[in-house]
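>>> Sharing a model that was predicted from the sequence below.
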Amino acid sequence: MNFFKKRQVKKIMKQILHEATHAKYMREDLAAEEEIKLLDDLKSQVKESFKQNDMDQFEKAGQQLADHTVKILPNHKHAVIKEWVEVIAVALAVAMGFRTYFLQPFKIPTGSMQETLYGITYKPTLKKELIDQFPLNIINWAYSGELYKEFKAPVEGQVGNFGPFNRVPNTSSMIWLPIGNKQIKVPMEAQFYIKAGDYVTKGTLLASAKRKTGDHILVNKVAYNFSRPERGQIIVFNTHGIKYEGVQKDTYYIKRLVGMPQENIGIKDNHLHVNGAALTQPSFFKDKQYVLPGHGQPSVFSTPDQSCLIPANHYLMFGDNTLSSLDGRYFGPVIESEVLGPAFAIHWPFSRWRFTNR
C-alpha cells in the first residue's frame, strides 16, 4: 500500500475508533457487559489488522465494528443537534462550577469606588457621531463600553419638575422625569431638550447621552482559603447581615478594606487614623482623603472625634469615593463570613482591562 492510500485508510480507522469509543462512553452503564467487551475486541482487531497491513481483515473488522457501534448506540434523528446540546451543557456546567468555586464576575453599578473602579456613567451628547452609527457603535461598545442613547416621551403630556431632588433610589445619577401621568428614568447628566412646563407628544426626544458601562470585574473566591484579608485590598462582601436603611439586601457590595479586627478606626482632618495614629501604609492611604458622614445621618462616626472599634472577626470597608458611598462609615464593620473575596481583575470594558489589588 502506498503512502497516500495508507494515510487515507488511517483517517477512516481513526473515525471508526472515535465513534466506537463515543458509543462506549455513552452506553457503558446501560449496554450488556458482553456487548461492551465485543466492542473492545473489535477495536483491537481493527488496530492490529492495520498494523499488519492486512487490508482484507481491516475492512472486515472495520465493518463489524461499525455495525456493532450502531447496535450499541443507534443513530437518532437530530443526532448532531443532540451532541451539540451535550457539549453546551457540559461547558455550562464547567463554567458554573468555575464561577461558584474560583472566579466570579461582578459589575460595578455606582460611582462609590471612583477613581479606582468606575460605575455606570453618562455624558451629555447633542447628536450621534460617526462612531455611534452601526456597525462602528458595536465595536466601540465592545472596546470601551460606551453607547449612545436617546430618551423619548412614552406618552403625550406636560413635563413636570425634575432635577437632583427627584433622584431614583439606589442609583448614582438617574432621576425621574415626569411626563403627564408617567415617569421615566433619565440620567441627570444627559443633554435635555425640554424644560419643566413644556407640553410634548408621544415620541418627542427629551434627552440624549452616551452611557458608559460600569467596570466588570472578576473576584477571587479561593484567595482567603490560603491567606487572610489585607488592609487596602478591594473586597466584595454580602450585605445579608447588614441592617441599615438604604442598603440593598442579599446583594454584593465592593469596597476597600480599611480596618482590621480589634482596631480603633477614626477619621481626623479627612485622614484615616488607626489606634490614634495617622494611617500611611499601604501607600494608597498616605494622601487619601475621607469625609465623615453627613450631619444627622446615623453612622458609626457621629462626631469628628469618635472612632469605630472593630470586633474580632470583622472588617471595616469604605468606598474610595466617600462623597458618594454608602459604606462602613454608616453601617459599620462586616463579619468575616460575609466576605466573598478580593477583586482580581477588570475584564470588561476592554479599554479598562487590568489587574486590581496590585
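Received, thanks.

>>> Buried residues in whichever helix or strand Leu218 is part of, which are they?
Using DSSP states H and E, Leu218 sits in strand 216-220. By 16 or more other C-beta atoms under 10 Å, the buried positions in strand 216-220 come out as His216, Ile217, Leu218, Val219, Asn220. The way it works is simple: take the backbone N, C-alpha and C, and place the C-beta from them, glycine included.

>>> For the second one, list each beta-bridge partner.
I take that to be Ile217. Phe106, Ile346 (DSSP bridges).

>>> mind checking pLDDT for the residue most central in space within the chain?
What sits nearest the mean C-alpha location of the chain, by C-alpha atoms, centre = their mean, is Pro105, with 2.7 Å. For Pro105, the model assigns a pLDDT of 89.

>>> State the distance from it to Thr213.
Look at Pro105 and Thr213: by C-beta to C-beta, to the nearest Å, they are 13 Å apart.

>>> before we move on, what about Leu39?
With C-beta to C-beta as the criterion, Leu39 and Thr213 are 53 Å apart.

>>> neighbour count winner among those two?
Legend: neighbour count by other C-beta atoms under 10 Å for Leu39 and Thr213, higher for Leu39 (23 against 20).

>>> pretty sure the more buried one contacts Lys71?
No: with contacts counted by C-beta atoms under 8 Å, Leu39 stays clear of Lys71, the gap being 9.2 Å.

>>> mind listing the strands in the stretch 101-250 of the chain by residue range?
103-107, 121-124, 146-152, 157-158, 174-179, 182-187, 191-192, 199-200, 205-212, 216-220, 234-238 (DSSP state E, counting those that start in this stretch).

>>> Report the contact partners of the residue nearest to Glu245 when sequence neighbours are not counted.
Leaving aside its chain neighbours, Glu245 sits nearest to Pro298 (8.0 Å; criterion: C-beta to C-beta, 6 or more residues apart in numbering). Counting by C-beta atoms under 8 Å, 6 or more residues apart in numbering, Pro298 touches Tyr244, Glu245, Tyr330.

>>> Those residues into TSV, with extra columns for distance to Glu156?
Output for those, formatted as TSV (distance: C-beta to C-beta, whole Å):
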residue	distance to Glu156
Tyr244	41
Glu245	37
Tyr330	42
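
>>> Need the worst-confidence member of these.
At the low end of pLDDT for these is Glu245, which has 86.

>>> what's the neighbour count on the closest residue to Gln114 other than its chain neighbours?
The shortest distance from Gln114 to any non-neighbouring residue, by C-beta to C-beta, 6+ apart, is to Asn321 (4.7 Å). When neighbours are defined as other C-beta under 10 Å, Asn321 has 19 of them.

>>> contact partners of the longest helix anywhere in the chain?
Longest helix in the chain, counting residues (DSSP state H): helix 3-27. Helix 3-27 has contacts (C-beta under 8 Å, 6+ apart) with 1, 36, 39-40, 42-43, 46-47, 50, 55, 58, 62, 65-66, 68-69, 72-73.

>>> again with stretch 28-36
Lys24, Arg27, His68, Lys71, Ile72.

>>> same thing but 10 Å
Stretch 28-36 has contacts (C-beta atoms under 10 Å, 6 or more residues apart in numbering) with Ala23, Lys24, Arg27, Leu38, Leu39, His68, Lys71, Ile72, Leu73.

>>> what's the span of that stretch, first residue to last?
7 Å (C-alpha to C-alpha, to the nearest Å).

>>> just to revisit the earlier point, columns distance to Ala343 on top of the strands of the stretch 101-250 of the chain, output as JSON lines?
Output for the strands of the stretch 101-250 of the chain, formatted as JSON lines (distance: least, C-beta to C-beta, whole Å):
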{"stretch": "strand 103-107", "distance to Ala343": "8"}
{"stretch": "strand 121-124", "distance to Ala343": "19"}
{"stretch": "strand 146-152", "distance to Ala343": "22"}
{"stretch": "strand 157-158", "distance to Ala343": "44"}
{"stretch": "strand 174-179", "distance to Ala343": "25"}
{"stretch": "strand 182-187", "distance to Ala343": "26"}
{"stretch": "strand 191-192", "distance to Ala343": "33"}
{"stretch": "strand 199-200", "distance to Ala343": "43"}
{"stretch": "strand 205-212", "distance to Ala343": "19"}
{"stretch": "strand 216-220", "distance to Ala343": "5"}
{"stretch": "strand 234-238", "distance to Ala343": "4"}
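
>>> Lowest mean pLDDT across those, which one is that?
What stands lowest among the strands of the stretch 101-250 of the chain, in mean pLDDT terms, is strand 103-107, with a mean of 89.

>>> quick one, that strand and strand 234-238 angle?
Strand 103-107 and strand 234-238 meet at an angle of 90 degrees, taking axes from the mean of the first three to the mean of the last three C-alpha atoms, to 10 degrees as the criterion.

>>> which other residues reach strand 103-107?
Contacts for strand 103-107 (C-beta under 10 Å, 6+ apart): 98-99, 119-120, 213-222, 236, 252-254, 340-341, 343-345, 347-348.

>>> what's the residue of the chain positioned farthest from its centre in contact with, if anything?
Most distant from the centre of the chain: Asp56, at 58.1 Å, with distances by C-alpha atoms, centre = their mean. Going by C-beta under 10 Å, 6+ apart, Asp56 touches Ser49.
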